[in-house]
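In: The following block contains a protein sequence and its predicted model.
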Amino acid sequence: MTHLTHCIYASAACEPFDAATLRDMLADSRLRNERNGITGMLLYADGSFFQVIEGPAQAVSELFARIAADPRHEQVTRIIEEPIPRRSFGNWSMGFPTDSEDLSQLPGFNDFFGSAGCLAQLDVGRARKLLAAFGAGRWRQRLSDFAPLAA
């Protein structure tokens, strides 16, 4: 039996990401992560990323190491990494505030910040609290000053 873990982190984009860059990044990530048994949720807002990655412990650790070394990110802050009993995100999804029709048509796009978005469908728990905090603006600025959210 494979033991699952999730890693939740936030980072700042070194340069703004436009719709085409986000689309390409999501497509590349989906292919690579599917091969490695990784699922999750990626949010992007105001130049900040917030991501939940879940899967086999070694695959999650290796992915986080690649993300931390990626020159497109800075201030990569691991918020939590812990074992989980089951996946919360069986399909990759990505949420961000956008008026772009191009992005809203992406497979896996979720109007996370809208009232009927993914957040409303999550079980109550630590990941939901962290995602809600990001939606409210936490971890979007000065990640080095971050204080963990109470569980």
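Out: Thanks, I have the structure now.

In: Check whether residue 80 really touches residue 8, as I assumed.
Out: Yes. Counting by C-beta atoms under 8 Å, residue 8 is a contact partner of residue 80 at 4.9 Å. Every residue, glycine included, has its C-beta placed from N, CA and C.

In: Who has more neighbours out of these two?
Out: residue 8 (25 against 15; other C-beta atoms under 10 Å).

In: For whatever helix or strand that one lives in, give the mean pLDDT please.
Out: Under the criterion of DSSP states H and E, residue 8 resides in strand 4-13. On average, the pLDDT along strand 4-13 is 90.

In: helices or strands next to it in the packing?
Out: strand 48-56, helix 57-69, strand 73-84, helix 126-135 (3 or more C-beta pairs under 8 Å, 6 or more residues apart in numbering; DSSP states H and E).

In: cutoff 6 Å now
Out: strand 48-56, helix 57-69, strand 73-84 (3 or more C-beta pairs under 6 Å, 6 or more residues apart in numbering; DSSP states H and E).

In: Tabulate those in CSV, adding columns for mean pLDDT.
Out: Listed next are these as CSV, based on pLDDT from 0 to 100:
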stretch, mean pLDDT
strand 48-56, 88
helix 57-69, 95
strand 73-84, 89
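
In: Dump the ones you listed to a markdown table, plus distance to residue 19.
Out: As requested, the helices and strands packed on strand 4-13 are arranged in a markdown table below (distance: least, C-beta to C-beta, whole Å):
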| stretch | distance to residue 19 |
| --- | --- |
| strand 48-56 | 15 |
| helix 57-69 | 21 |
| strand 73-84 | 19 |
